[in-house]
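*Asks:* Sequence and predicted structure below; questions after.
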Amino acid sequence: MLPRMQRMGGPYGMYGTVYGVSTAVVHIAHPLPAKAVFGNSVRFSNGSPTKQKVDTTTRRSSRVETTGSSKAPAYDHFKNFCGEGVFTANGEDWKAKRASVMHCLVKGVSNSNSDIFQRLEGEANRAADTFIAQIKQLQRKQTKDITANVVPLLQRATVGLIYRYITHDDPDWEVTNCSLPNTSKESTKFAETKIEPIKGRLDSYLDSIIRIRMIILAQSRSIWFLLPRWCYRFFSSLYRDEERTVSPIRMFAKDACLRAKPGSPLAKLKERASHGGTSSPDAIPQDMLDETITLLFAGQDTSAATLSWTLHLLSLYPSVQTKLANEISSVLEKAGMTAGDSRIGKELFQKMPYLDAVIKESMRLYPVAPFVVRKLIGDIPVFDDGKVAKPDPIAVLPAGSLACIWIYGLHRNPLFWDKPEEFVPERWMNSGAKDIGQTNGAYMPFASGPRNCVGQPLAHTVLRTVLSRIVGKYEFQDERLKKGHNPNSLRKDMQAGFTVLPSGGVHLIFKERHF
């Protein structure tokens, strides 16, 4: 994609294609037009934002009147999966739902003394405990080195984390009867590590979440995406497959709604007008079910994917892994604690700048969502250096087109990054030699603008806590890495999906770390 942009020579590297029969698509991998699309600086062709009527009984709206772009219809194919949650909603409906989610799930997370932060920190440590327990289970079953595909282990750990955080329910998902992972080179599935079902629906939920990612991607690339939704529902076998796959996801989300304790984020959310406005423990409004599916998926899939990519990179670059382990050990030793087994909180990982650098560099190379799409409601001008006061824009993105913002391309654009393809956490450490991309908006793993990732504050704590616990406890290496191998040649491809995982899983050899 980046080489094509260089060949085409368009303003800011942009170029256009046609989707379907006549839908114009503008491809973007430059921060200025990206931020304009995301709503940081918008001027409509008629000089003012578009207003629209909103159905006050349903709060449905097909447009966003302040950013100049909308997720509809580009994300409509997600709606059979997650309905009208904060991810897919638009207009006043989206505004109300985002405000409610921020209030019930995120408010107070930045305050280390708040109850909600203490709970998040505790659940993040418990997720690390779950991962470590699974490795220990494998250790008892294997006679040699511990070999494991970490992707399903992380998925199980993170789904427990987000479930407990939003429900305050403790289903006691303990690790039991953990079988050996399938390490065959032919295997591309992520269900190699089996754990006996607890509470009935966990395994089927995780299997369905893996499958729905591929179904939604297939739908977006098929003729059904271009046709009315009723055609897809009545005539497509893919729709029937999607319905079978979504059923366990809906049941798992219903269980979460019904088991949510009073005072939990889900219980508070259900009382908000945006999500049904009811305090009845047995009532599950459709808006509430949609949001629960969204929150469970977003909280689990994105964290597991980012941690999978980070462990993959650290397994290929032992010097980086050792440097990070030494930092973790040093901070914990000064606090009188033991690496791997001690609870790690914000007051500790704030003293680990290299941990922060490793996570940022991993998200730069492998953003969980490699691209995002927006429908442009009005003409969006792009001004040089983002200065709207200039009379003439460098380019105008036409109303009615789709803007495809390649976050993957932004993060690897050689205009903004030195050695863009290399894994160099140190780039985030040296204040005197920062890449341009760190300050000009070219780094946006959580997107940007009003519709950026609502869970960003949660991810900050979860990723740092879980990674520091794992690296402090274990030394690990990619099973393919041999002496003299170029680690760059062993990097995994991205498995296709609306979020990306390492293709074929991440099979690592684990040893307990001794300092």
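*Replies:* Yes, it's here. Numbers count the residues shown, from 1 in each chain.
*Asks:* in the lowest-mean-pLDDT helix or strand in the chain, what counts as buried?
*Replies:* Counting by mean pLDDT, DSSP states H and E, the weakest-scoring helix or strand in the chain turns out to be helix 2-8, with a mean of 80. Using 16 or more other Cβ atoms under 10 Å as the test for burial, helix 2-8 gives L2, M5. Every C-beta, even on glycine, is put in place using the N, C-alpha and C of the backbone.
*Asks:* what does stretch 115-125 give?
*Replies:* Of the residues in stretch 115-125, those buried under the neighbour-count criterion (16+ other Cβ under 10 Å) are I116, F117, R119, L120, E121, G122, E123, A124, N125.
*Asks:* related to what we said a few turns ago, and the contacts of the least confident helix or strand of the chain?
*Replies:* Outside helix 2-8, the residues that touch it by Cβ atoms under 8 Å, 6 or more residues apart in numbering are G13, M14, Y15, H27, A29, G409, R412, N413, P414.
*Asks:* what's the distance between the second one and N440?
*Replies:* The one in question is M14. Remark: distance between M14 and N440 (Cβ to Cβ, to the nearest Å) = 16 Å.
*Asks:* who's more crowded, these two?
*Replies:* Using other Cβ atoms under 10 Å as the criterion, M14 and N440 rank with M14 on top: 19 against 16.
*Asks:* which SSE is the residue nearest in space to the middle of the chain in?
*Replies:* For the chain, the residue lying nearest the average C-alpha position, counting by Cα atoms, centre = their mean, turns out to be T302 (3.1 Å). Assigned by DSSP states H and E, T302 belongs to helix 286-316.
*Asks:* Next secondary structure element downstream of that helix?
*Replies:* Once helix 286-316 ends, the next helix or strand along the chain (criterion: DSSP H and E) is helix 318-334.
*Asks:* quick one, that following helix and helix 286-316 angle?
*Replies:* Following axes from the mean of the first three to the mean of the last three Cα atoms, to 10 degrees, one obtains 110 degrees for the angle between helix 318-334 and helix 286-316.
*Asks:* Could you export helix 318-334 as PDB, CA atoms only?
*Replies:* The C-alpha atoms that make up helix 318-334 are tabulated as PDB, following Å, rounded to 0.1, in the frame of the first residue of the first chain:
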ATOM      1  CA  PRO A 318      16.100 -11.900  23.200                       C
ATOM      2  CA  SER A 319      18.200  -8.800  24.000                       C
ATOM      3  CA  VAL A 320      15.000  -6.700  24.100                       C
ATOM      4  CA  GLN A 321      13.300  -9.300  26.300                       C
ATOM      5  CA  THR A 322      16.300  -9.500  28.700                       C
ATOM      6  CA  LYS A 323      16.500  -5.700  29.000                       C
ATOM      7  CA  LEU A 324      12.800  -5.500  29.800                       C
ATOM      8  CA  ALA A 325      13.100  -8.400  32.400                       C
ATOM      9  CA  ASN A 326      16.000  -6.700  34.100                       C
ATOM     10  CA  GLU A 327      14.000  -3.400  34.400                       C
ATOM     11  CA  ILE A 328      11.100  -5.300  35.900                       C
ATOM     12  CA  SER A 329      13.300  -7.200  38.300                       C
ATOM     13  CA  SER A 330      15.100  -4.000  39.400                       C
ATOM     14  CA  VAL A 331      11.900  -2.100  40.100                       C
ATOM     15  CA  LEU A 332      10.400  -5.000  42.100                       C
ATOM     16  CA  GLU A 333      13.600  -5.700  44.000                       C
ATOM     17  CA  LYS A 334      13.700  -2.100  45.200                       C
END
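*Asks:* Would you mind listing the buried residues in the helix or strand just after that helix?
*Replies:* Per DSSP H and E, the first helix or strand lying C-terminal to helix 318-334 is helix 346-349. Going by neighbour count (16+ other Cβ under 10 Å), the buried part of helix 346-349 is K346, L348, F349.
*Asks:* Now do the strands in the stretch 351-500 of the chain.
*Replies:* In the stretch 351-500 of the chain, strands defined by DSSP state E, counting those that start in this stretch lie at 371-376, 380-382, 395-397, 402-406, 474-478, 494-495, listed in chain order.
*Asks:* hang on, the earlier thing: just checking, what packs against the next helix or strand after the least confident helix or strand of the chain?
*Replies:* Read in the C-terminal direction, the helix or strand following helix 2-8 is strand 15-19, with elements assigned using DSSP H and E. Here strand 15-19 touches helix 2-8, strand 23-28, going by 3 or more Cβ pairs under 8 Å, 6 or more residues apart in numbering; DSSP states H and E.
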